[in-house]
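Undergrad: sequence below, structure please.
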Amino acid sequence: MKQKDEEHKTVLAKMEESLNNARLAYESMMAGAEADLKDRIEEMEMENASLRTKVDDLRETKAWMLSEGAQLLAKNIHKGREMTAAVAGVNNAMSAVGINSGLHAGYVHALQKKTPHKEVPLLTAMLRRN
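TA: Next comes the predicted model:
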């Protein structure tokens, strides 16, 4: 019986040693993983800060483009020699379209009899001819 007790003690000691070795290996692995995780979190925080800076820069650029950049572009196009004829054509066409649209809207308004004909002399002359 003493021999069996000795064998059990030996087996138990080997099992405890094996368990302690496994626990040490696990703790070592977890410590390394935790350190790696902390390093990765720090890297991601730095990357996040960098991206936030870039987004802020892009917002400022967008605001400048909308406020000053478009005006600068329009001024440079307007002052450019190669664009003089095109800009003049656009300006002339805008005036003609505006005048024609205004006249058309006035005639439509008068034809709907919302305004007395005598207040629209050109329309009165047209109605007399017909």
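Undergrad: can you list the residue ranges for helices in this protein?
TA: Secondary structure of the chain (DSSP state H): helices at 2-64, 70-79, 84-111, 121-129.
Undergrad: could you dump the ones you listed into TSV and include mean neighbour count?
TA: Any C-beta I mention is one placed from the backbone N, CA and C, and that applies to glycine too. Formatted as TSV, the helices of the chain follow (neighbours: other CB atoms under 10 Å):
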stretch	mean neighbour count
helix 2-64	10
helix 70-79	11
helix 84-111	11
helix 121-129	11
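Undergrad: tabulate the ones you listed (a markdown table), appending mean pLDDT.
TA: What follows is those, written out as a markdown table (pLDDT from 0 to 100):
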| stretch | mean pLDDT |
| --- | --- |
| helix 2-64 | 88 |
| helix 70-79 | 82 |
| helix 84-111 | 75 |
| helix 121-129 | 59 |
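Undergrad: what about Ser28, distance to Glu16?
TA: From Ser28 over to Glu16 the distance is 18 Å, taken as CB to CB, to the nearest Å.
Undergrad: quick one: Asp65 and Leu72, what's the gap?
TA: One correction, residue 65 is Met, not Asp. Relative to Leu72, and taking CB to CB, Met65 is found at 9 Å.
Undergrad: cool, Thr61 as well?
TA: According to CB to CB, Thr61 stands 14 Å off from Leu72.
Undergrad: same check, this time on Asn92
TA: Separation of Asn92 from Leu72 (CB to CB) stands at 24 Å.
Undergrad: likewise Glu43?
TA: Distance from Glu43 to Leu72, by CB to CB: 40 Å.
Undergrad: for Gly102, same thing?
TA: Look at Gly102 and Leu72: by CB to CB, they are 32 Å apart.
Undergrad: what does Lys54 give?
TA: According to CB to CB, Lys54 and Leu72 sit 24 Å apart.
Undergrad: then Gln3?
TA: Distance from Gln3 to Leu72, by CB to CB: 100 Å.
Undergrad: C-alpha coordinates for stretch 34-42, PDB please?
TA: Taking C-alpha atoms only, stretch 34-42 is exported to PDB below (Å, rounded to 0.1, in the frame of the first residue of the first chain):
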ATOM      1  CA  GLU A  34      -2.100  41.900 -24.200                       C
ATOM      2  CA  ALA A  35       1.000  43.800 -25.000                       C
ATOM      3  CA  ASP A  36       0.400  43.300 -28.700                       C
ATOM      4  CA  LEU A  37      -3.200  44.400 -28.300                       C
ATOM      5  CA  LYS A  38      -2.100  47.600 -26.500                       C
ATOM      6  CA  ASP A  39       0.400  48.300 -29.200                       C
ATOM      7  CA  ARG A  40      -2.200  47.800 -31.900                       C
ATOM      8  CA  ILE A  41      -4.700  50.100 -30.000                       C
ATOM      9  CA  GLU A  42      -2.000  52.800 -29.800                       C
END
